[in-house]
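> Got a predicted structure here, sequence first:
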Amino acid sequence: MLLLTPAISKNNSSSRAKARSCLLPTWKQLAVCTAVALAILVINDLFFFESVVIPTSSMRPTIVPNERVLLRKIGYRAIHRFDIVVIANSATGKRLAKRVIGLPGDRIRLEDSWKVYINGQPLAYSDTPGGKSVTESANHSIINQYDAPQHIETRFGKDELLLGPDEYFVLGDNRLASDDSRQFGPIKRQEIEGKICLIWYSYDLQDRGLRLKRFLHIPR
């Protein structure tokens, strides 16, 4: 009996080789994909969300040094009291993370450089264990020492200050160590870049370890 084996034509083998080569990305394809990915990242940082490093302690205990936060830019139009925002401050030339305290039309006054009065009424404060921090308006904690002399200069807010129609008064939660509206005055709406909506990374430089409990934490 004669067994016949099917012949494999050169055309079939060459077409399979071409098909396999088409599955492998070329350098041009990789370059285009990389460029598109970088463009998406840049557009995201410019218009949607941005990862921002907080290097200082001015927002303790809400945000501590060397934490990375997610800044929401698009869709952030209405600014509310106690929002945590990033500002591009024209007076200092720096980007700063601060809490919005005073809104347009508010009358702001500070007692002892930390206690806030709005339209003649003080915000509510309650003690926390240890005496170095208090809760402000049952919303967030601020650092303060009642029995220590205050060393923060209060150029704005020592006397009652009326905010204009496009002015906001911002403070750091660490009232003992924050460069804010007490020094450089009210800010304009255009200086506010967006709202901090998430702490997604936290690293302790002194202990050289991750603060895992603070990962994916929503600051108040």
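Here it is on my side, so go on. Values in this document were obtained by computation on a predicted structure and should not be read as measured data.
> low pLDDT regions in this structure?
Where the chain drops to pLDDT under 70, the residues are 1-25, 27-47, 74-76, 130-131, 145-151.
> Please repeat the previous calculation with a cut-off of 90.
Residue ranges of the chain with pLDDT under 90: 1-49, 73-78, 90, 112, 127-133, 138-139, 144-153, 176-177, 206-207, 220.
> Just the helices from it, written as ranges.
Along the chain, the segments classed as helices by DSSP state H run 10-23, 27-43, 181-184.
> end-to-end on stretch 98-116?
15 Å (Cα to Cα, to the nearest Å).
> Next, count neighbours for the residue lying closest to R189 once chain neighbours are set aside.
Once flanking residues are discounted, R189 sits nearest to D166: 5.2 Å by Cβ to Cβ, 6 or more residues apart in numbering. For every residue, glycine as well, the C-beta is placed using N, CA and C. Per other Cβ atoms under 10 Å, the neighbour tally for D166 reads 11.
> Could you number the chain from 26 rather than 1 from now on?
OK, 26 is where the count begins now, so the last one is D191.
> What are the phi and psi values at D191?
Taking degrees, to the nearest 10, you get phi -130, psi 30 for the backbone angles of D191.
> isn't it right next to K213, touching?
Yes. D191 is within contact range of K213, at 5.6 Å (criterion: Cβ atoms under 8 Å).
> In this protein, where's the longest strand?
Using DSSP state E to define each element, the chain has its longest strand at strand 217-229.
> what helices or strands is it leaning on?
For strand 217-229, the packing partners by 3 or more Cβ pairs under 8 Å, 6 or more residues apart in numbering; DSSP states H and E come out as strand 74-79, strand 92-97, strand 109-114, strand 234-235.
> Check which helices and strands the first one is in contact with.
Secondary-structure packing of strand 74-79 (3+ Cβ pairs under 8 Å, 6+ apart): strand 92-97, strand 119-127, strand 217-229.
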